[in-house]
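Visitor: the sequence isn't on hand, but the structure is:
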């Protein structure tokens, strides 16, 4: 029984250190704007296409999920250019883990109206 207080104190100290480490890791995670910039840059580097805008953005349990609009084919007039929406997944630190094209469309056209 003489060792019980020491073990309890050691366990409490270890738990406090673990909590502090977790808080430090969370504080080091990039904010939303840094994640948006990183996603656009990484997708452009991988695909060679210009990221035009981010149309959707959310934090998930695995990291981040974005939908980025990309210029796939420039045409004249500009309203005939082909754009695409890409679903982009990033880890909590903002590193791209995957992407896929979910939609392709002409700049001047909108989706059909859904009721």
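Guide: Looks like it came in fine. All values derive from a computational prediction rather than experimental measurement.

Visitor: how about the nearest residue to residue 55, chain neighbours excluded?
Guide: residue 67 (4.9 Å; Cβ to Cβ, 6 or more residues apart in numbering). Any C-beta I mention is one placed from the backbone N, CA and C, and that applies to glycine too.

Visitor: let me know the helix or strand that the one you found is in.
Guide: Per DSSP states H and E, residue 67 falls inside strand 64-73.

Visitor: and if you look at residue 84?
Guide: strand 82-90.

Visitor: pretty sure residue 79 sits in a helix.
Guide: Yes. Applying DSSP: H, G, I helix; E, B strand; the rest coil, one finds residue 79 inside a helix.

Visitor: quick one on the thing from earlier: name the strands paired with the strand holding residue 67 and say parallel or antiparallel.
Guide: strand 50-59 (antiparallel), strand 82-90 (antiparallel) (DSSP bridges).

Visitor: which helices and strands sit right next to the strand or helix carrying residue 37?
Guide: In this assignment (DSSP H and E), residue 37 forms part of helix 32-47. The contact analysis (3 or more Cβ pairs under 8 Å, 6 or more residues apart in numbering; DSSP states H and E) places helix 32-47 against strand 50-59, strand 64-73, strand 82-90, strand 96-106.

Visitor: repeat the analysis, applying 6 Å as the threshold.
Guide: Packing contacts for helix 32-47, counted by 3 or more Cβ pairs under 6 Å, 6 or more residues apart in numbering; DSSP states H and E, involve strand 50-59, strand 64-73, strand 82-90.

Visitor: wait, which of those is closest to residue 14?
Guide: For residue 14, the closest of the helices and strands packed on helix 32-47 is strand 50-59, at 29.3 Å, according to Cβ to Cβ.

Visitor: how about that closest one: buried residues?
Guide: Neighbour counts using 16 or more other Cβ atoms under 10 Å place 51, 54 of strand 50-59 among the buried residues.
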